[in-house]
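Asker: what follows is a predicted protein model with its sequence.
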Amino acid sequence: MFRTYLNHSTLRSIHRCMSSLPTYETLKLTQPQSHVVLVELNRPTKLNAMNKQLFDELKTCFEQLNTEKSCRAIVLTGAGKAFSAGIDLKYLSVTTVNELSQIDDIARKVVLVRRMIQRTQASLRAVDKCEKPVIAAIHGHCIGAGVDLTACCDIRYSSRDALFSIKEVDMGLAADVGTLQILPKSVINHSLFRELVFTSRIFKTDEAQQIGLIG
């Protein structure tokens, strides 16, 4: 079923580079055909784990594509073996902790964390607010913030090997940058959705279809 299952290797083989498209460190932009831009999360050795630079570039990229006249549709996927392993733990455990350790006042620490969350939310909201259709092509692992990112896309397809997890509860966090705000508007099985949020267990394509995560 092509509408549900994408052949990721085929998708990668047909795209060609366009020199007019902007370049980034953590994203790769190509054009498989006229007016369609393929955006790849491009940290394959880290399974496309999302760090500060990726979040920042994601926001810049989608704000630019939103006003790019030659772009009429966007396909969002991940380079390598996974769509995304979620947020980069080094980004959380090293960068954030180092910044917090320099602040003594608890109120200022809370403000710093709040700003970090808002910055992350703004990055994913740029995908959600994009006026061009955004299609998520999911393969391999789609974990935590990866699910948040797909929630911001208009259409979500996956390969048969895709594995999902709303992982935040395992880290003592809330899935507050997309999953909990956006997906409840489109899911069709709220009981199963809540189970997956509360347990953070791995689920496959069939359950992703049951809750309406993928088409």
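Answerer: Happy to help now that I have it.
Asker: endpoint to endpoint, stretch 175-191 covers what distance?
Answerer: 17 Å (CA to CA, to the nearest Å).
Asker: now stretch 41-54
Answerer: One end of stretch 41-54 to the other measures 8 Å (CA to CA).
Asker: ditto for stretch 71-89
Answerer: 33 Å.
Asker: which positions in that stretch come out as buried?
Answerer: 71, 73-80, 82-88 (16 or more other CB atoms under 10 Å). C-beta: built from backbone N, CA, C; applies to glycine.
Asker: quick check: the farthest pair among those residues?
Answerer: 73 and 88 (28.5 Å; CB to CB).
Asker: between the buried residues of stretch 71-89, which is nearest residue 141?
Answerer: residue 82 (4.2 Å).
Asker: residue 41 versus that closest one, what's the distance?
Answerer: Using CB to CB, to the nearest Å, residue 82 is found at 9 Å from residue 41.
Asker: mutual contacts of the two, please.
Answerer: residue 48 (CB atoms under 8 Å, 6 or more residues apart in numbering).
Asker: quick check: mean pLDDT across the helix or strand where residue 147 lies?
Answerer: Residue 147 is part of helix 145-151 when elements are defined by DSSP states H and E. Taken as a whole, helix 145-151 has an average pLDDT of 93.
Asker: what pairs with the helix or strand just after that helix, parallel or antiparallel?
Answerer: Per DSSP H and E, the first helix or strand lying C-terminal to helix 145-151 is strand 155-158. Strands that pair with strand 155-158, judged by DSSP bridges, come out as strand 134-138 (parallel).
Asker: about what we covered before: now do the helix holding residue 147: which elements does it pack against?
Answerer: Taking 3 or more CB pairs under 8 Å, 6 or more residues apart in numbering; DSSP states H and E as contact, the helices and strands that helix 145-151 lies on are helix 106-129, strand 134-138, helix 179-182.
Asker: residues touching residue 43, list them.
Answerer: 26, 49, 51, 54, 79.
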